[in-house]
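[1] Please work out how this folds:
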Amino acid sequence: MEKIFDFAEGEVLLIDKPLEWTSFDVVKKIRNAIRLKKIGHAGTLDPLATGLLILCTGKKTKKIDEYQAQEKEYTGTLVLGKTTASFDLETEIQESGDPSALTTEQLLQAAKDLTGPQMQIPPMYSAIRVNGKRLYQLARKGKTEEEVEIKPRAVEITLFEIETSEFPQIHFRIVCSKGTYIRSLVRDFGDSLGCGAYMSALRRTRIGEFSVDRAHTLDAFIQLVKSQQINP
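    Numbering: from 1, shown residues only. Modelled structure (predicted):
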């Protein structure tokens with residue numbers, strides 16, 4: 001039997017965010033579908049990432065901070081020997097170094113060295129505010145990391161697994177704390193190997209005990225709401 005939602009009383013919704021949608025796009029789409037303003041998400045995903053997005057409605061919005069604070073798990077792919085200004089495919093790819101001489105042992109050691117507590121510098125292409133301006137707004141005006149003071153943040157990488165069979169593409173699985181930028185971790189991985197790297201794909205697979213395997217696609221959830229003709 002399908003669950004009957006009570007959005008006003010409060011629901012925790014698990015959505016598999018589509019590629020190229022912003023997290024706010026998903027919130028807006030579902031807000032319109034359920035006809036309830038009180039809804040928010042627990043942790044932004046970049047437009048070029050897919051995977052688990054937790055949304056809370058009604059009285060459950062009080063738990064958003066709790067869900068945001070939980071451990072996250074991601075899978076994805078990085079490419080060695082090339083970089084971009086955003087550390088992903090949002091900006092132009094540039095050659096940065098030759099990774100061909102790197103050994104599997106060096107790659108594994110680099111991932112190991114980036115495991116554990118660390119101070120991470122967020123990417124310029126992020127929504128963090130510096131002097132009242134979003135970093136991505138400054139980046140799009142031509143500002144560089146050298147021109148903007150970006151304070152490092154304390155994060156913890158619990159797991160950094162890599163798979164190297166398609167080198168120089170590296171597939172990874174990462175478990176990390178709140179506030180970790182996977183794009184920055186990819187940058188640091190490439191820098192530590194002396195050849196640079198950018199992230200070509202990212203998927204969030206888990207937040208705390210919530211798995212993307214239990215999530216609805218956006219289209220499936222909208223159809224479910226319509227089929228129940230919910231009137232919150």
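
[2] where in the protein is pLDDT low?
    Where the chain drops to pLDDT under 70, the residues are 1-3, 139, 146, 229-232.

[3] ok, which stretches of it are helices?
    In the chain, the helices defined using DSSP state H lie at 23-34, 64-68, 104-113, 135-140, 182-193, 218-228.

[4] looking at the ones you listed, which is closest to Ala154?
    Ala154 lies closest, by CB to CB, to one member of these: helix 182-193, at 13.0 Å. Any C-beta I mention is one placed from the backbone N, CA and C, and that applies to glycine too.

[5] Name the residues that touch that closest one?
    Helix 182-193 has contacts (CB atoms under 8 Å, 6 or more residues apart in numbering) with 46, 74, 76, 78, 80, 83, 86-88, 96-97, 99, 102, 106-107, 110-111, 113-114, 120-123, 125, 157, 160, 174, 176, 196-199, 202.

[6] same check, this time on stretch 135-145
    85-86, 121-130, 148, 150.

[7] Nearest to Gln223 among the residues you listed?
    Closest to Gln223, out of all of the contacts of stretch 135-145 and judged by CB to CB, is Ala127, at 30.8 Å.

[8] Neighbours of that closest one, how many?
    Each residue near Ala127 was counted by other CB atoms under 10 Å, and the total is 11.

[9] burial count for the residue nearest to it when sequence neighbours are not counted?
    Leaving aside its sequence neighbours, Ala127 sits nearest to Arg134 (CB to CB, 6 or more residues apart in numbering; 5.4 Å). Applying other CB under 10 Å, we find 14 residues neighbouring Arg134.
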